[in-house]
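J.: Coordinates for the following, if possible.
(2 chains)
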Amino acid sequence: MLTNEHIDYIIKDLNYRGIVADDIQDELIDHVCSSVEEQMNGGEKFIDAYSKILKSFGHTNGLREIQKKSIQVENQKTKNMIKNYLTIAWRNFRKQSFYSFINVAGLAVGIAACLVIVLFIIDELSYDSYNTKANRIYRVNEEIKFGGNHIKLCVSGAPTANALQQDYPEIEAAVRFRGYGSYLVKPANGTQNIKEQNVIWTDSTFFKIFSVKVLEGNPITALKEPASIAISKRMAQKYFPGKSALGESLILDNKYNAKITAVYEDIPRASHFHFDILIAQVGDWPAAKEAQSQTFLSENFNTYLLLKEGANARALEKKFPGFLKKYFGPQIASALGSEFTMEKFLATGNKWELTLTALKDIHLHSDLTGEFEPNGNITYVYLFGIIAAFILAIACINFMNLSTARSSNRAKEVGVRKVMGSLRSHLVRQFLTESVLVTLLSFIIAIGLAYLLLPYFNDLALKQLELPLTSPVFYLTLIGSLLLIGLMAGVYPSFFLSAFKPVNVLKGHVALGMKSGFIRSALVVFQFVISIFLIIGAITVNRQLNFIQNKKLGFEKNQVIIIHDAYALRPFPNVQAFKTEVLKVPGVANGTISGFLPVNSDRNNNTYWKEGNQPTPNNLVSLQSWSVDTDYIETMGMKIKIGRGFSKEFISDSSAVILNEAAIPMFSLGENPIGQKISTFNGNRPDGSPDPKQLKSWTIIGVIENFHFSTMKEGITPLGLLLNKSDGNVSFKFNSANTNEVIQSIEKVWKQLAPGQPFQYSFLDEDFGRMYTTEQRLAKIFFTFAGLAIIIACLGLFALTAFTAEQRTKEIGIRKVLGASVGGIVVLLSKEFGKLILISFALAAPLAWYAVNWWLKSYTYKVEIGIPVYLLAGIGAFIVAWLTMSYQSMKAALSNPVNSLRSE
Amino acid sequence: MTHSSELLKGTLQTIVLKVLKDHGKTYGYEITQRVKELSDGSIVLTEGALYPTLHKLEAEGLLKTERVLIGKRVRKYYVLTPLGKSEARERVIEFVDFIKTMSTVLQVQMS
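T.: Numbering: from 1, shown residues only, chains lettered A, B, ... in the order given. Take a look at the predicted model:
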């Protein structure tokens, strides 16, 4: 029998003979033991049996041969190769945990930011694509230029749709929309009115053109009858919870009793309109009558065409000049006098054009007068795309820089591997595996980060973005970009490292790490150029927004409360009573009844000319005419420049007008415009065109200082105030510190006078701010991502200085021993990167200057961005970078030279 | 008499597979013993040839292994995988064919 001592002996002896590979070792021991045992059973002594067996194996050489063959078999498995790559990658990752952390953190943040931005861009690009016929749907725009007026509309006259369809067979269908703002809505048997914003008058072809699914009712017959409406599912659930809304009735604005003929699926979020109630444009309600009007010159209808398959929109557009001449020409001529012809009008440099905008272009490319909702902007899509690319580039550069910088630590590894027979391709593969692994880890963290941060981004950008976690396309894209980024970030380091010559490396000759600094320096410069550029951009956007918010507007926007939908108080005298009652509330100083406000509100644009002149395209002025009451100017805090405001004492004020300064030169009124008159058409002929015999003149009694009534992107256009009834809103100026008390008092009065009507209010300054929400959102998003870019860049710099300091430990030690001061060493270490940041600044400044000017160009009123801003950005970047570096430099400078010099 | 190792070379895998198929779980030393028994001592598998063959078959997925601790040593058992079983059958059929062909080529009558 084999004793334990025998077995131990065999194990030791085999080990001594070089059998060490785990697997084969066990196996051979077992084999040898078994056969020795058998020999011993046959009566042999252990030592004889063992030597006999060894002989049958071929002694040491035979044993080793078996081991070698087995290992070869093992090594031929590709699985093992990959396992080896992974093991080494993981060991390196752990050994260099600080640098690995910087790499992964930077890359993860970069990728998360990128992911969020890409989702945002995809969402912006997907607008209106829910329409299956989207490629054939076009909107009709009108552009008119005459005298000093330039008008770009996305609305046209009521008969345009019909006439186009008649004349051009390539048009399959057309639909028009006419908006009248919000409506007060209640079910037929209800008492409580609710205000609805998304109400529109439209044609029955709506469902044929847009792919809005009808849930109840027949899409073909819906909206064909007078007084019929279609409502969204949201509305149906709101007004008729738990039952079918089809066949029920809603009462609009307390006067229109409309029957529901269809309920449709809510219009998708990614649409340039979100109508909840569609009202049929047939019958004899005033808006329906307007839809049947024959005048082409009253542009109030958003008109959409559905072209036939294969029809060419650009070819159709080319036919429109003929269309204008045929239909518009005669109507203009009869209004202005017989000598008008379209040819002459156009020949004198004027413009009257119909154009088509493809449905899918509306959201990002269209910003005309008459849009349903504020649209997106392709500039932002580009801007954010660029930022995403920048952030990703910065993160990748970190990765590349750190990998190559640390190459010195791995140069020996590369040398040994090459000596042992590694080919360059093996090394490249090894390093690429490492970078792909790091990228993979970053991606996983990035998805987690993006998931956590999306809600905040959605708040910021007013979006409802989600990670498409169930979509296979999403994962495919992720894997694709993972490989791409992994390879991109890894390619340079891997080729750089694998190119080392083993002899040089092993002799310690390779100028390690810092020497190959040119590319690395260039990359650092690139990172900081981007960072400084983004800082300047962010400061500019912020300054411009502050400038707008604080600019002298020409009216007082603070402490003015606006009560909306005052028409709910009708008949008219009630609104007067309301105003009188509210003025009794302590703290309320002034009040005015008018739907027209210097923020987004009612607008009314008409053409006027100086009285006595024959109206011609050259002396017509497109004038905003606002109906206001006698207290308007005082409540809004506007300033009268010449003349006087409206007064109850002058009965003749009912035909008086107050112009703004901008209007005076347009009418060529000379030095003193007071007492002069301007005229306008005051009636239509039966065919709907303006009647040259029915004119009305207004006497100018005053001139007010210019005030801003649209965004600062536009200049101040001519405007006139008329004394007229307009009960859209009532605004009050109050000077009480207790705003809540004022609101409560006003609400009490409202409830008494308008029971059952919703009490809606806002403040003028907030409404004003809302005109700039897009810009404010842009600024915030811009700041966030610019900040991210800088953080990632600094993270890289932090690691890079840490590395330099580490490399120069001995140098620092010697310098200290020889008497260098801590300060001197810090300067020494910071100098190199300081130079790079200076270069970055020199490159970034002109770039930023160009970009800033380009962006500000779209504003008529813009802030001066002076040299201080640039300096601020440069110094800011420098300080942040310096603080990052100084931590490492200080650490290196303060360390005791004994520690760094003792060991060799 | 023992056969030359040149002749054995091409049939080693077939022998190992067949032994494993007939005897189920087996370890290296046992395989050599089996073959010795079956051939009445005329075929002796050398360890130098056996183990690389076993490892190769394992790498190809025809075998799998189990480790059992026996006293102070570890014994590694080999078992056929389902793939290995069908492979064993095919190899035997192939070899019988080969012998038939050889008998015609060499013009000898098989008993």
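J.: So, low pLDDT: which residues of chain A?
T.: A:1, A:77, A:338, A:406-408, A:508-517, A:686-689, A:712-713, A:903-904 (pLDDT under 70).
J.: ok, which residues in it are in contact with chain B?
T.: For chain A, the contact set with chain B under Cβ under 8 Å from any Cβ of the partner chain comprises A:4, A:7-8, A:11, A:23-24, A:26-31, A:33-35, A:56-58, A:62, A:65-66, A:69-70, A:72-74, A:76-77. Every C-beta, even on glycine, is put in place using the N, C-alpha and C of the backbone.
J.: Show me what A:L722 bridges to in the sheet.
T.: A:S627, A:V657 (DSSP bridges).
J.: now the helices for chain B?
T.: B:5-9, B:12-23, B:28-38, B:47-59, B:82-106 (DSSP state H).
J.: Sort out which residues of the helix or strand harbouring A:L847 are buried, please.
T.: Secondary structure from DSSP states H and E places A:L847 in helix A:822-856. Residues A:825-826, A:828-830, A:832-833, A:836-837, A:839-841, A:843-845, A:848, A:851-852, A:855-856 are the ones in helix A:822-856 that count as buried (16 or more other Cβ atoms under 10 Å in any protein chain shown).
J.: And for stretch A:618-629?
T.: Here stretch A:618-629 shows A:N619, A:L620, A:V621, A:S622, A:L623, A:Q624, A:S625, A:W626, A:S627, A:V628, A:D629 as buried, counting by 16+ other Cβ under 10 Å.
J.: what's the answer for stretch A:363-377, then?
T.: Neighbour-count burial for stretch A:363-377 [16+ other Cβ under 10 Å]: A:H363, A:L364, A:S366, A:L368, A:G370, A:E371, A:F372, A:N375, A:G376, A:N377.
J.: Would it be right to say that the second one lies in a strand?
T.: Just to be clear, that refers to A:L364. No - read with DSSP: H, G, I helix; E, B strand; the rest coil, A:L364 is helix and lies in no strand.
J.: contacting residues around the residue in the stretch 551-700 of chain A that chain B sits nearest to?
T.: The minimum distance from the stretch 551-700 of chain A to chain B, using Cβ to the nearest Cβ, falls at A:N600 (73.0 Å). Taking Cβ atoms under 8 Å, 6 or more residues apart in numbering or on different chains, we find A:N600 in contact with A:D767, A:R770, A:M771.
J.: Which of these sits closest to chain B?
T.: Taking these together and measuring to chain B by Cβ to the nearest Cβ, the closest member is A:R770, at 69.2 Å.
J.: Relative to A:S494, how far out is the closest one?
T.: 53 Å (Cβ to Cβ, to the nearest Å).
J.: neighbour-wise, which of those two wins?
T.: Neighbours per residue (other Cβ atoms under 10 Å in any protein chain shown) separate A:R770 from A:S494, with A:S494 holding more: 23 against 14.
J.: For the closest residue to chain B within the stretch 651-800 of chain A, give me its contacts.
T.: Closest residue of the stretch 651-800 of chain A to chain B, Cβ to the nearest Cβ: A:A799 (42.6 Å). For A:A799, the contact set (Cβ under 8 Å, 6+ apart) comprises A:F98, A:Y99, A:I102, A:N398, A:L402.
J.: All the helices of the stretch 101-250 of chain A, residue numbers only.
T.: For the stretch 101-250 of chain A, the helices defined by DSSP state H, counting those that start in this stretch occupy A:160-167, A:206-209, A:233-239.
J.: Can you list the neighbours in contact with the last one?
T.: This means helix A:233-239. A:185-187, A:190, A:194, A:196, A:215-216, A:231, A:244-245, A:248, A:250, A:260, A:263-266, A:276-277.
J.: do the first one as well
T.: In this structure, residues lying in contact with helix A:160-167 by Cβ under 8 Å, 6+ apart are A:140, A:171, A:173-176, A:203, A:296, A:301, A:303, A:305, A:323, A:326-327, A:354.
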